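Engineer: Coordinates for the following, if possible.
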Amino acid sequence: MSIETFPLGPLETNSYLVAGKGGAVAIDVGGDPASMLASVKKQGLKLTHILLTHLHFDHTLGVAALREGCMKLGHEPEVLCHDGDAFMLRDEFGRGGIQGMPEAPAFPYKPVSPGDAIFAGLACTVLYTPGHTPGGVSYYFPALGAVFAGDALFYRSIGRTDFPRGDTQLLFNSIRTQIYTLPEKTIVYPGHGQETTAGNEKRFNPFVSGTNS
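Structural biologist: Numbers count the residues shown, from 1 in each chain. Model prediction:
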């Protein structure tokens, strides 16, 4: 089992390649996936899924290209995201193309639901963590001691809520009830910037503490 981080795209989105017992999954693909695809080839991995934490364009720019690259290798990863963000595929915050940013090519997807799942042979709990977007989810892999939180929670910061349909109080609640309740040593792999832990942020995050106060 391994986790590789690839900062991709114009906003250096953390895009992750998680290798498990039964293949691998990609989590968010923020730009040209050539480096991710090269790692898939080098390790002889079968990419089973592309898991998306939310549908802002800087997390989806490379999805279509990665999927097509894997299809050339003989396997077709399934793209999963929460239906609560489906509207973003039709607006500029999801598609991109604003303020000089590139536009994300379209890709097929299937809805993911909160709860337990198996990806690449690894047990995963899909956590519903809205607030940054209405359909934000995080992916918790107990065997890895890791949660991939997208833009919900960062090192000493939180995701923006000033975009359309963002909700600050909803994000606070998501962080407190879904991420801060994980084992304290759980590594939080965010959509941007350095990793942290659930316990560290619960104690020291200046925006949202581990209590309701």
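
Engineer: which residue packs closest to the residue nearest the centre of the chain, ignoring adjacent ones?
Structural biologist: Nearest residue to the geometric centre of the chain (CA atoms, centre = their mean): residue 53, 3.5 Å. Nearest residue to residue 53 in three dimensions, chain neighbours excluded: residue 150, at 2.7 Å (CB to CB, 6 or more residues apart in numbering). Every residue, glycine included, has its C-beta placed from N, CA and C.

Engineer: and the gap between that neighbour and residue 13?
Structural biologist: Residue 150 sits 9 Å away from residue 13, going by CB to CB, to the nearest Å.

Engineer: Pull up the overlap in contacts between the two.
Structural biologist: Here residue 150 and residue 13 have 28, 59, 191 as joint contacts, going by CB atoms under 8 Å, 6 or more residues apart in numbering.

Engineer: out of everything not next to it in sequence, what's closest to the first one?
Structural biologist: In this case it means residue 28. Closest to residue 28 by CB to CB, 6+ apart is residue 59, at 4.3 Å.

Engineer: And the one you found, how close does it get to residue 181?
Structural biologist: From residue 59 to residue 181 the distance is 24 Å (CB to CB).

Engineer: More neighbours: those two, which one.
Structural biologist: Set side by side, residue 59 and residue 181 show more neighbours around residue 59, with 30 against 13, by other CB atoms under 10 Å.

Engineer: From residue 27, how far off is the more buried one?
Structural biologist: 9 Å.

Engineer: just residue 209 next, same as before
Structural biologist: In this structure, residue 209 and residue 27 are 27 Å apart, going by CB to CB.

Engineer: Validate this expectation: residue 32 resides in a helix.
Structural biologist: No. Using DSSP: H, G, I helix; E, B strand; the rest coil, the assignment for residue 32 is coil, not a helix.

Engineer: okay, and the common contacts of residue 59 and residue 27?
Structural biologist: Counting by CB under 8 Å, 6+ apart, the common neighbours of residue 59 and residue 27 are 52-53.

Engineer: which residues of the chain fall in strands?
Structural biologist: Per DSSP state E, the chain carries strands over the ranges 2-8, 13-20, 23-27, 47-51, 78-81, 110-111, 115-119, 122-128, 137-141, 146-150, 153-154, 157-158, 187-190, 196-197.

Engineer: Give me the mean pLDDT for the fourth one.
Structural biologist: pLDDT averaged over strand 47-51 equals 97, rounded to a whole number.

Engineer: hmm, back to that, of residue 150 and residue 13, which one has the most company?
Structural biologist: residue 150 (29 against 25).

Engineer: Isn't residue 176 up against residue 208?
Structural biologist: Yes. Contact between residue 176 and residue 208 holds when scored by CB atoms under 8 Å: they sit 6.7 Å apart.

Engineer: Contact partners for the closest residue to residue 8 other than its chain neighbours?
Structural biologist: Among residues not flanking residue 8 along the chain, residue 31 sits closest, at 3.5 Å (CB to CB, 6+ apart). Applying CB under 8 Å, 6+ apart, we find residue 31 in contact with 8-10, 13, 15, 61-62.

Engineer: of these, closest to residue 134?
Structural biologist: The shortest approach to residue 134 among the contacts of residue 31 belongs to residue 13, at 19.6 Å (CB to CB).
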